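[1] Requesting a structural model of the entry that follows:
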Amino acid sequence: MAGSPDGPRVYVPGAVMGVLNVTPDSFSDGGRFLDPEAAVAHGLRLIDEGAEIVDVGGESTRPGADPVGPDEEIRRVLPVVAGLADKVRVSIDTRHPEVARVAVAEGAEIINDISACLGSLAAELGVGWVAIHMLGDPRTMQDDPTYGDVVAEVRAFLVERAERAAEAGVAEVWIDPGIGFGKTTRHNLELLAGLEALVDTGWPVLVGASRKRFLGELAAVSDGIDGLTPPDDRREGSVAVAAWAFHCGVRLVRAHDVRSTVQAAQVVG
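    Residues are numbered from 1 along each chain as shown. This is a model prediction of the structure:
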């Protein structure tokens, strides 16, 4: 299990975390997997495609998304976590401690935390924890994100949170720069260019850029069109980012298109 920078690691670079959103309003696949049976079936497909972790989320964290109460989030995620936990490592994508507790009780092994505030809870529950960098909350994070040096500031924040979690007793700590969470396209590209600065901290790094808006902006420029390409047309950019991340030493990439991302990892590896 991953712990301090000198401790053992969970995965060598090239592992894929599959995205499973059980929400009506996620930016890419909102509404597709609201039915628990459909969600579990999709999770099984992600496993067949090579996902080593399936990340189950019941609250959209796209820019501008409205918050969801813990009770509703639990209603959405609980049967899905229960249906997958004996088949694959499950992470629960939440910022609510109530949701994390229930999901872990059903077998989730990792808390994937955009608030970066649940480290002590992960220690208490004896599970892994992902600290994600975000400015503000999903409703406000894209209002006017500003940094002096985005790589240095994100790195310092994540190292501080990781060290605090390890001191609290979390045995498996991941850091995630939070691509798209309070960042402009330029910030996202600077973070991707600076991934080795995160990898060099010794903490295992997770990157989640799959189908995000900045890739739609770049693809539209490449295609010579106005606006954005839709999320389903961002696979090539998503896989390219994953390949770059693996090349830089990132251990885990969160992806919607698992099969393509696993193939990219095999080429890089």
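[2] Quick one: residues contacting Ala197.
    Ala197 is in contact with Val151, Ala152, Arg155, counting by Cβ atoms under 8 Å, 6 or more residues apart in numbering. C-beta: built from backbone N, CA, C; applies to glycine.
[3] Among those, which are located in helices?
    Val151, Ala152, Arg155 (DSSP state H).
[4] Scan those and report the most crowded one.
    Scoring the ones in helices among the contacts of Ala197 on neighbours with other Cβ atoms under 10 Å, the highest-scoring entry is Arg155 at 21 neighbours.
[5] Distance of that one relative to Gly202?
    Distance from Arg155 to Gly202, counting by Cβ to Cβ, to the nearest Å: 12 Å.
[6] Off-centre distance for stretch 257-269?
    17 Å (Cα atoms, centre = their mean, to the nearest Å).
[7] Can you pull the phi and psi angles for the most far-flung residue of the chain relative to its centre?
    Taking Cα atoms, centre = their mean as the measure, the residue most remote from the mean C-alpha position of the chain is Gly224, 29.9 Å away. When quoted as degrees, to the nearest 10, the phi and psi of Gly224 stand at phi 70, psi 30.
[8] Show the pLDDT at it.
    Note on Gly224: pLDDT of 87.
[9] Show me the longest strand that occurs in the chain.
    Scanning the chain for the strand with the most residues, using DSSP state E, yields strand 15-21.
[10] Check which helices and strands that one sits against.
    Counting contacts by 3 or more Cβ pairs under 8 Å, 6 or more residues apart in numbering; DSSP states H and E, strand 15-21 packs against helix 36-48, strand 53-57, strand 252-255, helix 258-268.
[11] got the ones you listed as CSV, with mean pLDDT, distance to Asp113 and mean neighbour count columns?
    Below are those laid out as CSV (pLDDT from 0 to 100; distance: least, Cβ to Cβ, whole Å; neighbours: other Cβ atoms under 10 Å):
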stretch, mean pLDDT, distance to Asp113, mean neighbour count
helix 36-48, 96, 20, 18
strand 53-57, 97, 11, 26
strand 252-255, 98, 13, 28
helix 258-268, 96, 22, 19
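[12] Which residues are in contact with the residue farthest from the centre of the chain?
    Listed by Cβ under 8 Å, 6+ apart, Gly224 has no contact partners.
[13] where do the strands sit along this structure?
    Ranges of strands in the chain, per DSSP E, are 15-21, 53-57, 89-93, 110-113, 128-132, 173-176, 206-207, 252-255.
[14] Which positions within the helix or strand bottoming out on mean pLDDT in the chain qualify as buried?
    Ranked by mean pLDDT, DSSP states H and E, the weakest helix or strand in the chain is helix 213-223, scoring a mean of 92. Counting neighbours by 16 or more other Cβ atoms under 10 Å, one finds that the buried residues in helix 213-223 are Arg213, Phe214, Leu215, Gly216, Glu217, Leu218, Ala219.
[15] for the last one, what are its contacts?
    Counting by Cβ under 8 Å, 6+ apart, Ala219 touches Leu228, Thr229, Asp233, Arg234, Glu236, Gly237.
[16] Same question for the second one.
    Phe214 makes contacts with Ile179, Gly180, Thr185, Asn188, Leu189, as judged by Cβ under 8 Å, 6+ apart.
[17] 10 Å instead?
    Residues near Phe214 by Cβ atoms under 10 Å, 6 or more residues apart in numbering: 179-180, 183-189, 192, 228, 234, 237, 241.
[18] Quickly name whichever of the contacts of Ala197 is closest to Ile110.
    Arg155 (21.6 Å; Cβ to Cβ).
[19] Pick out the residue closest to the middle of this structure.
    Closest-to-mean residue, the chain, Cα atoms, centre = their mean: Gly208 / 4.6 Å.
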